[in-house]
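A.B. asks: mind folding the following:
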Amino acid sequence: MPAFVQMALLAAVLATFAAAAAASTNEMEALEPSTNGDLVTATCQRIGGKLGSVDYEECMKIGLELSEGYAVSGTPILLKEYPPLPTRAPRGRVLLIGGIHGDEYSSVTIVFRWMEILDRYHSGLFHWRISPLMNPDGLLRKKSQRMNENGVDLNRNFPCPNWFDETRDYWVRRTSSNPRRFPGDAPLSEPESRWLHDEIERFQPEVIVSVHAPHGVLDFDGPPEAPKRFGSLHLNLLGTYPGSLGRYAGVHKDIPVVTIELPRAGTMPTYKEQRQIWLDLVRWLKTRLPAEPATHAAR
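C.D. replies: Down below sits the predicted model:
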């Protein structure tokens, strides 16, 4: 397909998405605050009903709030912010994401566990924004699936140069058109990937941490130096894929992307391992993110 035709198609697709997003925003602005609270409650009820490792009360206690994002079905993408403290300028901004793939249960649960640690010990060292479940439709359906409700692999739906040719070539040639790796019909065609794209633009993180399973390794994309080990997970550079978050943010936007690949999707690491991965992550962030001027904390 000629490049100018591709660009015209992409412009038309993005215009349609923009109109739909504006309509959705207008609808949400009309909601009463109590309705917003009901949406969080309903989502926590569904998470508690799906995950044996995170019950409804635990989900509610964390204090998640509505983000600006919604999944295909209208289920909200929940978010919690651990902001700068008045007495301390943070070293930097860290965006932590779990559950991009809906059938990787442990990637959701462990983020809840780490938020429980932050609830007790947030010292203002970093400014965190955390979404434990970016793909709620994938997880909360009757049979969980990797993809979102539209059957799109959200981790293949981010922009990259020559997206149409690159993603199709990889999907067909490397995965034999595996539906679990379907990149979608256009970059950012899905509301969940658009939300993360926009959240990166809003928050301007210095590091992105994305949790997956079940490869049992530590992966890294972007500058400058990768961590060597978190807990028992050793660095193993897997490379990036067309449309992946690692290629979009790590390669094209120069934002370091740490991918924590837990060993099993359905079984959590031991408590000791969960804590060690967290401690090693924080230690690495301290070496990666130098202290910033106090005026930077308000960004």
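A.B. asks: center of this structure, which residue is that?
C.D. replies: Per C-alpha atoms, centre = their mean, the C-alpha nearest to the average position across the chain is that of residue 97, at 3.3 Å.
A.B. asks: could you find the closest non-adjacent residue to that residue?
C.D. replies: Closest residue to residue 97 apart from its sequence neighbours, by C-beta to C-beta, 6 or more residues apart in numbering: residue 210 at 5.0 Å. C-beta coordinates here come from the backbone N, C-alpha and C atoms, glycine included.
A.B. asks: using the three-state scheme, assign the one you found.
C.D. replies: strand (DSSP: H, G, I helix; E, B strand; the rest coil).
A.B. asks: I'd say it and residue 258 touch.
C.D. replies: Yes: Residue 210 sits in contact with residue 258 when judged by C-beta atoms under 8 Å, with a separation of 7.3 Å.
A.B. asks: now do the residue nearest to residue 179 when sequence neighbours are not counted against residue 102, distance only.
C.D. replies: Spatial nearest neighbour of residue 179, chain neighbours left out: residue 151 (6.3 Å); criterion: C-beta to C-beta, 6+ apart. Applying C-beta to C-beta, to the nearest Å, the value for residue 151 to residue 102 is 11 Å.
A.B. asks: please say which of these two ends up with more neighbours.
C.D. replies: Set residue 151 next to residue 102 and count neighbours by other C-beta atoms under 10 Å: residue 102 wins out with 27 against 15.
A.B. asks: residue contacts, the residue lying closest to the more buried one once chain neighbours are set aside?
C.D. replies: Leaving out its chain neighbours, the residue that sits closest to residue 102 by C-beta to C-beta, 6+ apart is residue 138, at 2.0 Å. Counting by C-beta atoms under 8 Å, 6 or more residues apart in numbering, residue 138 touches 99, 101, 102, 103, 144, 145, 146, 147, 148, 149.
A.B. asks: give me that answer again for 7 Å
C.D. replies: Residues counted as contacts of residue 138 (C-beta atoms under 7 Å, 6 or more residues apart in numbering) are 101, 102, 103, 144, 145, 146, 147, 148.
A.B. asks: may I see these organised as TSV, with pLDDT added?
C.D. replies: Listed next are the contacts of residue 138 as TSV, based on pLDDT from 0 to 100:
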residue	pLDDT
101	98
102	98
103	98
144	97
145	98
146	98
147	98
148	98
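A.B. asks: since that was my last question, I'll sign off now.
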